[in-house]
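> no letters, just coordinates:
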Ligand code: NOJ
């Protein structure tokens with residue numbers, strides 16, 4: 001561990017490391033379990049840092065590992081400045097930092113400022129205090145409507161289904177835009193703001209390199225009376241684009257991040273941040289301004305069909321947004337909230353994924369081989385783009401969504417809150433397979449918290465490592481070559497006669513050609529540096545991406 005420490009020194013002082021980083025998202029409960037309780041933990045993660053270093057990632061982003069009742073996979077935080085006892089201790093966190101930094105890997109932690117857990121001491125205090133008390137004003141408590149106050153204070157709805165209000169025994173209601181176990185904080189309250197500044201410093205002082213900010217667009221709300229109507233979720237097409245929605249993407253939210261930036265910039269190197277801001281696309285760049293969080297997630301590529309025109313439009317838009325904010329673009333194909341991209345691309349375009357999951361993944365049938373081929377091609381294309389790529393754990397193994405988890409295993413609040421009408425997100429959170437056989441495929445010596453399918457044996461790290469052509473080796477090679485070729489953040493499109501082929505070039509003569517079609521296209525001369533599929537001289541196979549240098553245009 002200590003002999004690796006030296007490696008990190010230079011890279012950690014580069015203040016712009018994040019602009020073109022490859023960031024690997026770790027969902028800690030599902031990554032590696034060191035103590036056999038079936039939940040992944042920080043010592044387990046620390047033991048796999050050599051694996052991540054071998055993969056070639058620049059940073060890891062840890063989904064929440066804080067004390068939590070796990071009512072929403074840890075996005076219900078009971079204490080922002082500690083570690084969930086089943087996931088380890090602060091000493092384990094410090095050790096993880098040492099090991100990760102020693103391997104040259106930066107660490108980003110998830111901050112969940114919109115809501116706490118209902119187990120947070122503030123919420124316990126609010127429940128024990130009278131309506132109108134200071135303790136209640138840290139949250140959003142209101143009287144109900146109707147003569148006996150038995151109707152919710154407004155028509156606001158929860159992202160997980162049902163009303164965004166829950167009634168407490170004394171008759172008042174509190175607001176939760178997610179599960180009832182996730183009461184929303186009142187960001188008009190100075191004490192709330194100050195407390196988060198303390199939390200940011202707490203982790204920055206421990207050496208974390210950056211923060212991923214959960215639901216960054218929801219903190220500022222119009223809480224003036226009477227509460228305004230908002231019966232839809234934030235991404236409804238009619239959402240205003242002028243910052244005046246009652247709940248989401250309000251102009252005032254940016255004041256909060258300007259304060260946070262002062263904290264980030266008081267460190268050397270400055271701490272980075274990335275907003276999860278599901279704002280109207282034209283306003284996303286506001287969160288990424290250098291005076292605020294610095295970067296924002298773009299989910300446009302994730303939302304695009306596997307289609308050349310859709311990808312090109314998403315890329316062009318995201319690059320224009322990055323230019324508008326002075327940030328670099330982010331790219332994401334999978335995360336802990338969505339069906340894995342190898343599976344999405346295995347299904348006919350337009351498939352309703354919620355319905356598909358409810359059919360246990362049987363209707364329509366997923367063409368897993370095609371899905372993985374397309375996923376690899378999309379990943380190679382993404383990695384050639386200027387900006388930061390965010391991976392989700394297991395995509396480097398080509399994992400598919402586990403669509404047939406038994407009902408009694410499901411833990412996502414979406415399953416409960418929709419009265420079992422939607423399965424939710426557990427299928428992408430199944431613990432990773434490390435060994436091709438043995439208990440829990442090497443994830444744990446105990447019982448994995450979600451059951452792993454038999455097919456995980458073939459996908460396991462041990463089954464792919466060192467074998468040419470496997471998805472794991474493809475990812476490793478892609479990251480190795482990307483590190484060699486990555487230079488300035490420019491991209492120039494090379495127009496192609498074939499509408500299914502996207503071709504762009506990066507400074508230094510790096511060409512990326514991606515064939516989204518189902519028939520082969522000609523491949524110009526050049527040195528093939530990477531292919532997502534089979535290598536064939538002069539041929540760009542269907543659903544394949546190739547990186548070339550020393551390119552010569554087709555004659
Ligand atoms: C976004 C997170 O990615 C998701 O997992 C979580 O359920 C919600 N925010 C609420 O915190």
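Good, I have the coordinates. Nothing here was measured: the structure is a model prediction, and the numbers come from that model.
> number of residues surrounding the one residue in the stretch 301-450 of the chain that gets nearest to the ligand?
The ligand sits closest to residue 337 of the stretch 301-450 of the chain, with a gap of 4.8 Å, by Cβ to the nearest ligand atom. To be clear about C-beta, it is placed using only N, CA and C from the backbone, and glycine gets the same treatment. Other residues within reach of residue 337, judged by other Cβ atoms under 10 Å, total 17.
> surely it is in contact with residue 425?
Yes - between residue 337 and residue 425 there is a contact under Cβ atoms under 8 Å: 5.5 Å.
> ok, the residue of the stretch 1-150 of the chain found nearest the ligand - contacts?
Nearest residue of the stretch 1-150 of the chain to the ligand (Cβ to the nearest ligand atom) works out as residue 75 at 3.4 Å. Residues counted as contacts of residue 75 (Cβ atoms under 8 Å, 6 or more residues apart in numbering) are 63, 64, 68, 110, 112, 178, 182, 214.
> now, which of those residues sits nearest residue 513?
residue 63 (34.5 Å; Cβ to Cβ).
> hang on, that closest one packs against residue 26?
Yes - in terms of Cβ under 8 Å, residue 63 counts as a neighbour of residue 26; the distance is 6.8 Å.
> how close does the residue sitting furthest away from the middle of the chain get to residue 545?
Outermost residue of the chain with respect to the C-alpha centroid, by Cα atoms, centre = their mean, is residue 147; its distance is 44.2 Å. Residue 147 is 64 Å from residue 545, where distance means Cβ to Cβ, to the nearest Å.
> ditto for residue 220
In terms of Cβ to Cβ, residue 220 sits 41 Å off from residue 545.
> same thing with residue 181?
Taking Cβ to Cβ, one finds residue 181 at 42 Å from residue 545.
> break down the stretch 351-500 of the chain into its strands, ranges please.
Using DSSP state E, counting those that start in this stretch, the strands of the stretch 351-500 of the chain run over 388-392, 492-493.
> I'd like the average pLDDT over the strand or helix carrying residue 211.
If you go by DSSP states H and E, residue 211 is part of strand 210-213. Here strand 210-213 scores 98 as its mean pLDDT.
> ok, now stretch 269-285?
94.
> residue boundaries of the helices in the stretch 251-400 of the chain?
Ranges of helices in the stretch 251-400 of the chain, per DSSP state H, counting those that start in this stretch, are 253-265, 284-287, 300-303, 308-325, 341-344, 353-358, 368-383.
> identify the residue nearest residue 128 in space, chain neighbours excluded?
Leaving aside its sequence neighbours, residue 128 sits nearest to residue 135 (Cβ to Cβ, 6 or more residues apart in numbering; 7.5 Å).
> so the one you found sits right up against residue 129, yeah?
Yes - counting by Cβ under 8 Å, residue 129 is a contact partner of residue 135 at 3.9 Å.
> and residue 283, how far is that from the ligand?
From residue 283 across to the ligand, the span is 18 Å (Cβ to the nearest ligand atom, to the nearest Å).
> list the contacts for that residue?
241, 243, 249 are the contacts of residue 283 under Cβ under 8 Å, 6+ apart.
> could you redo these as TSV and give each row secondary structure and neighbour count?
TSV is the format used below for the contacts of residue 283 (DSSP: H, G, I helix; E, B strand; the rest coil; neighbours: other Cβ atoms under 10 Å):
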residue	secondary structure	neighbour count
241	coil	12
243	coil	17
249	coil	26
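> sounds good, over and out.
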